[in-house]
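> Here is my input, please return the structure:
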Amino acid sequence: MIRTMRSRSTLRTTARATALGALVVALAAGCGDTSGSDGSPADGDSDPSVSDGGEATDDTASDGDGDDGGDGDGDSAGSDASDTGGADAAPSDGGTADEATDAGDDAASGGAPLPENADLATEQLPVPAEEAVAIALETAGGGQTVSVSIDHDDDRDWAWEIEVALDGREHEIDIDAATGEVLQHEEDDDRVDEPAVDVTSPMTPAEAIDLALRKHDGRVSSWDLDSDDGTIRYQIDLEQSGDDDTEIEVDVETGTVRVED
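Okay, here's the model as predicted:
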């Protein structure tokens, strides 16, 4: 009877030991879990961007469209800017540096000269009257213009002849009508008492030529603006077929047109 009770006691002790062992194993398994109840990383690092190998992962680089301003092709904003705005970028207007240089050279050298038989009523000189007068005044150092004329010369092609009065001296200045180059500059001590003339007011050369052609037909081969007895007038040479030339005089104040005999 005593043996039977010992056996039962032994069984209970064994069962308790087994249960205790199972509990210890379960607790050990719980402590060894790689992820805590708070979802912390397995290696105890609080930064979820760091992998087990200790290297940070870059979400912005992996998706190609991060906060660094990239365009999705793996380039940063800085490299994109350099691609579009580098030193080899084409000009915005499609032109080239050589074309700009050529245009500047053309402006500096003037236009092509007119042919000898050009009609000044319909063709424009590369250096117009206003510009020629400005060149003459600059060459003389100031003063007032008292005579302006344009004519064709076999040796100089089309040339302006301008007289400027300054401090009692007369400056005779010839200017290339194609380039604006001063071809000749002579000074004379003779006192000039002639009135000043102006190719812009009260009558322009184009207006005077129009009045002359209403009076007579022909090709305008030359003209000059000066004064006679205090009256300022244009003298316009008209060339007809053959050797006949006609000179028309136009008063700048009254617009009166007179055909010279």
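> Please enumerate the helices of the stretch 151-261 of the chain.
205-215 (DSSP state H, counting those that start in this stretch).
> Quick one: low-confidence residue ranges for it.
For the stretch 151-261 of the chain, the stretches flagged by pLDDT under 70 are 242-243, 261.
> show me where the stretch 151-261 of the chain has strands.
Secondary structure of the stretch 151-261 of the chain (DSSP state E, counting those that start in this stretch): strands at 157-166, 169-176, 182-188, 219-228, 231-239, 245-251, 257-259.
> And those strands: which comes nearest residue 142?
Comparison of these against residue 142 by CB to CB identifies strand 157-166 as nearest, at 5.7 Å. All C-beta spots, glycine's among them, are computed from the backbone N, C-alpha and C.
> which outside residues touch that closest one?
Contact partners of strand 157-166, identified using CB atoms under 8 Å, 6 or more residues apart in numbering, comprise 113-114, 116, 118, 125, 127, 129, 132-133, 136-137, 140-153, 170-178, 183, 192, 194, 196, 224, 226.
> How about stretch 124-143?
Residues outside stretch 124-143 that contact it (CB under 8 Å, 6+ apart) are 110-114, 145, 148, 150, 158, 160, 162, 164-167, 171, 173, 175-180, 182, 185, 199-200, 205.
> Over to stretch 115-122?
With CB under 8 Å, 6+ apart, stretch 115-122 has contacts from 150, 152, 157-158, 209-210, 213, 219-223.
> Dump the strands of the stretch 151-261 of the chain into a markdown table; add mean neighbour count as well.
Shown next, in a markdown table, are the strands of the stretch 151-261 of the chain (neighbours: other CB atoms under 10 Å):
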| stretch | mean neighbour count |
| --- | --- |
| strand 157-166 | 22 |
| strand 169-176 | 20 |
| strand 182-188 | 13 |
| strand 219-228 | 19 |
| strand 231-239 | 21 |
| strand 245-251 | 19 |
| strand 257-259 | 15 |
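> Which single one of the contacts of stretch 115-122 is nearest to residue 245?
The closest of these, once distances to residue 245 are taken by CB to CB, is residue 221, at 7.4 Å.
> Bridging across strands, which residues link to the nearest residue to that closest one once chain neighbours are set aside?
Leaving aside its sequence neighbours, residue 221 sits nearest to residue 239 (CB to CB, 6 or more residues apart in numbering; 4.6 Å). Beta-bridge pairing for residue 239 (DSSP bridges): residue 219, residue 245.
> ok, residue 239 - contacts?
Residue 239 touches 218-221, 245, counting by CB under 8 Å, 6+ apart.
> Can you tell me how far it is from residue 126?
Distance of residue 239 to residue 126, given as CB to CB, to the nearest Å: 22 Å.
> Before we move on, what's the pLDDT of residue 96?
What the model reports for residue 96 is a pLDDT of 40.
> now swap in residue 78 and tell me
41.
> cool, residue 25 as well?
Looking at residue 25, its pLDDT is 49.
> shift numbering so it begins at 99
Right, with 99 as the first residue, what we last looked at is residue 123.
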